[in-house]
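> The amino acid sequence is not available; the structure is as follows:
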């Protein structure tokens, strides 16, 4: 079993290399809560397009208190699935 700390490190490093998102330090949770406002999309459109165009699931932050402009990405998945999801998300962000 791969520890969550390794998953968190992988996701943090990959997200920080991607354009037009702001990635805060990830702490004890099993998800990243990233700021997507630099993309020019609101969090609802970002999540919908990320799912439809890149096949990566996220949760719009505006569904939570004080989360507008951010999306939540879980890293409670296998390393293989995380790498695939990060690859898809990065390619999609570069195409915006």
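Yep, that arrived. Keep in mind that what you see is a predicted model, and the values were worked out from it rather than measured.
> could you pull out the helices for the chain?
All helices of the chain, identified by DSSP state H, fall at 4-16, 43-54, 79-95.
> Save the ones you listed as JSON lines, and put in distance to residue 62 too.
For glycine as for every other residue, the C-beta is placed from the backbone atoms N, C-alpha and C. JSON lines is the format used below for the helices of the chain (distance: least, Cβ to Cβ, whole Å):
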{"stretch": "helix 4-16", "distance to residue 62": "20"}
{"stretch": "helix 43-54", "distance to residue 62": "5"}
{"stretch": "helix 79-95", "distance to residue 62": "19"}
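> Can you say which of those helices is nearest to residue 68?
Nearest of the helices of the chain to residue 68, taken as Cβ to Cβ: helix 43-54 at 6.3 Å.
> Taking their axis directions, the closest one and helix 79-95 sit at what angle?
On the basis of axes from the mean of the first three to the mean of the last three Cα atoms, to 10 degrees, helix 43-54 is oriented at 110 degrees to helix 79-95.
> quick one: buried residues of helix 43-54?
Across helix 43-54, burial judged by 16 or more other Cβ atoms under 10 Å covers 43, 46-47, 50, 54.
> tell me the mean pLDDT for that helix?
Helix 43-54 shows a mean pLDDT of 98.
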